[in-house]
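In: Below: sequence and its predicted model.
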Amino acid sequence: MKKIIISASRRTDIPAFYAEWFMNRIRAGYCIVPNPMYPKQKTKPVSLRPEDVEMIVFWTRDPRPLMKYLPELDARGYKYYFQYTILGYPREIDPKCPGIDKTIDTFSELSALIGKEKVIWRYDPILFSSLTSMQWHKDRIEKISEELKGKTEQLVISFIDPYRKTKIRMEKETDDMFRLDDDAFDAEGYLELAKWIGFVMQKKGFRVVTCAEQLDLSAYGIEHGKCIDDTIIQKIINSDRKDLFGVLDYKVTSRKDPVQREACGCVKSRDIGINSTCLFGCKYCYATSSIALAKKNFSGHDKNNECLVC
């Protein structure tokens, strides 16, 4: 059986809310994932046995509940890295995310624990609004980048996507405190900020890449990125694997994931999350249709079940 890459998860924050369930499935060696389009339709079991898993990619805003289990993952022979989002948006936009100072402290702790090459800073999605202007983003990125220097090697950025349900939800929840800019969903409007990010972050020593962006920002030193990245995976695996002559010989598939968007560069993986199960309540979230539904799903969650929400 060919090894697989596990995505945990684009659809929900497994480290923050479902760490105990995840570890129970690791110990069991498999999980069940409902079909995202037809939730009552279950897929065949996804193997989580260490001999079948090439890499685990965690996506999170708060890895603290999972961090106590990392020594067990190491002992069982798993390889992994984190896509870690730090934005520091106001509560009107990100109502339940940890505060920025606590988030930075946790990022620093995780980096020291597992290595800076295994913790990637995500600043996405970038959104222009009455509370998050161009200057607001520049100030925020300056603050976070100063704190994270030497603790990560890569910054991932993206701009808010005009998904229909995202636009409807955000426009519905607009109030006197929070209003979308007229060009909030116009990617071209973000070019000035992208140019600034590329210039400033390169001086600070960060490699900057985009997540699923059509825009070509290479003139600003910003590359098209892969969040599930064969180069990173190969580097992590090869750091522990050398033949007798010191040659790094392990090869990872570079095949693009066919189920992701055209602009997404990620290599093929198996996502084990479920939509509408994250409790952070970010207004722009494309994976949660409503916080009420997410709360309902969370209340029905059983850490001992073979699927996240059955």
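Out: It's in.
In: For Phe22, which non-adjacent residue is closest in space?
Out: Ile14 (5.4 Å; Cβ to Cβ, 6 or more residues apart in numbering). Quick note: C-beta positions are derived from backbone N, CA and C, even for glycine.
In: What of Thr253?
Out: Val267 (5.9 Å).
In: just Glu146 next, same as before
Out: Closest to Glu146 by Cβ to Cβ, 6+ apart is Lys204, at 7.9 Å.
In: How many residues are close by that neighbour?
Out: By other Cβ atoms under 10 Å, the residues close to Lys204 number 15.
In: from what I can see it touches Lys151, true?
Out: No. Lys204 is beyond contact range of Lys151, at 11.8 Å (criterion: Cβ atoms under 8 Å).
In: so what's Leu191 up against?
Out: Shown in contact with Leu191 (Cβ atoms under 8 Å, 6 or more residues apart in numbering): 215, 217.
In: What's the per-residue pLDDT of it here?
Out: What the model reports for Leu191 is a pLDDT of 94.
In: Helix, strand, or coil at it?
Out: At Leu191 the chain is in helix, as set by DSSP: H, G, I helix; E, B strand; the rest coil.
In: could you give me the average pLDDT of stretch 98-118?
Out: On average, the pLDDT along stretch 98-118 is 97.
In: Helices along the chain, start to end?
Out: With DSSP state H, the ranges of helices along the chain come out as 14-17, 19-28, 64-67, 70-75, 100-114, 134-148, 164-172, 191-204, 230-238, 291-299.
In: so where's the stretch 51-200 of the chain shaky on pLDDT?
Out: Applying pLDDT under 70 to the stretch 51-200 of the chain picks out residues 162-176.
In: please redo it, this time with the cut-off set to 90
Out: Applying pLDDT under 90 to the stretch 51-200 of the chain picks out residues 160-189.
In: so who does the residue positioned nearest the centre of the chain touch?
Out: Geometric centre of the chain, nearest residue: Trp59, 3.4 Å, by Cα atoms, centre = their mean. Residues counted as contacts of Trp59 (Cβ under 8 Å, 6+ apart) are 7-10, 13-14, 82-83, 85, 227.
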